[in-house]
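> no sequence on this one, just coordinates:
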């Protein structure tokens, strides 16, 4: 069933007045590489553990702004080597402000490429309770990561993390608001590096996000450092959407985004094996 979401937010006017061509973009979604809190929890998830057990294992292995493991860095290098040609047209790199996502982005697309890079708060993982979901101060991120990153969208301190775990529907809504912002950017080919939980909630539970991927349920979850390619579109002719006309009230200012995956079809046609959500 669809989640119940809070009172709709207005779409930024910049998105409403753009030419129709801006409402179809090429979007690469990449989950970060394995991080310090992932190994035992991910292994248990692969064996079919409950969500509560999954969270408890992450709590036991918790670490502030959890960094990539050695394996996670290796995964990022392998991703770069495998998809270098596919990603060469990327014009904009957007990342969660958590270090594991920023590091993955840097390793998959090194900074000498001159691409615009933005850290955006809405794309962080399910927030609260766990320290791995808490981000560093903006000044610390500016010192730790290359000056090519734009951290201007962030407050100096993490004002969003709380002692309680964020509701999944709130996480999905936050990611949806991020997609609205993403579609307002001028670039047409974008790499978004973020998190497995956030991607799952917005892609499977948000009523204004339609995913066409041809995958059965066991293959929908992103593996660590798994890359998928989509066309993301906002069709003004779809019911409930407003994309290139001026909105007059809040009820018609929440577009329906359609994410059509192209990478899964390509992998199947090329005869690659698909298992546990990872294309090998």
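Arrived safely. Remember, it's a predicted structure, so these values are computed and weren't measured experimentally.

> ok, the residue positioned nearest the centre of the chain to residue 124 distance?
The centre of the chain sits closest to residue 194, judged by C-alpha atoms, centre = their mean, with a distance of 3.8 Å. Look at residue 194 and residue 124: by C-beta to C-beta, to the nearest Å, they are 8 Å apart. For the C-beta atoms, the positions are set from N, CA and C on the backbone; glycine is no exception.

> any shared contact partners between those two?
Here residue 194 and residue 124 have residue 96 as joint contacts, going by C-beta atoms under 8 Å, 6 or more residues apart in numbering.

> do you know how far the residue nearest to the centre of the chain is from residue 46?
Taken as C-beta to C-beta, the span from residue 194 to residue 46 is 21 Å.

> Just to be sure, residue 210 is in a strand?
Yes - with DSSP: H, G, I helix; E, B strand; the rest coil as the criterion, residue 210 is located in a strand.

> mind checking the SS state of the nearest residue to it once chain neighbours are set aside?
Using C-beta to C-beta, 6 or more residues apart in numbering and skipping the chain neighbours, the partner closest in space to residue 210 is residue 258 (4.6 Å). Recorded secondary structure, residue 258: strand (three-state DSSP).

> Please name the bridge partners of residue 258.
residue 210, residue 233 (DSSP bridges).

> ok, it - how many residues close by?
Residue 258 is flanked by 18 other residues according to other C-beta atoms under 10 Å.

> how much space is there between it and residue 144?
Counting by C-beta to C-beta, the gap from residue 258 to residue 144 is 36 Å.

> Low-confidence ranges, the stretch 51-200 of the chain, go.
For the stretch 51-200 of the chain, no stretch has pLDDT under 70.

> one step back: wouldn't the residue nearest to residue 210 be in contact with residue 232 here?
Yes - at 7.2 Å, residue 258 counts as touching residue 232 under the criterion of C-beta atoms under 8 Å.

> what about stretch 62-77, distance to the chain center?
17 Å (C-alpha atoms, centre = their mean, to the nearest Å).

> which residues sit against it?
Under C-beta under 8 Å, 6+ apart, the answer for stretch 62-77 is 32-39, 98-100, 103-104, 107-108, 130-132, 134-136, 224-225.

> check which helix or strand covers residue 230.
Taking DSSP states H and E as the definition, one finds residue 230 inside strand 227-234.

> Tell me which other helices or strands that strand touches.
With contacts defined as 3 or more C-beta pairs under 8 Å, 6 or more residues apart in numbering; DSSP states H and E, strand 227-234 has these neighbours: strand 24-31, helix 168-183, strand 257-261, helix 263-269.

> Could I get those in a markdown table, plus columns for distance to residue 203?
Listed next are these as a markdown table, based on distance: least, C-beta to C-beta, whole Å:
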| stretch | distance to residue 203 |
| --- | --- |
| strand 24-31 | 9 |
| helix 168-183 | 9 |
| strand 257-261 | 7 |
| helix 263-269 | 13 |
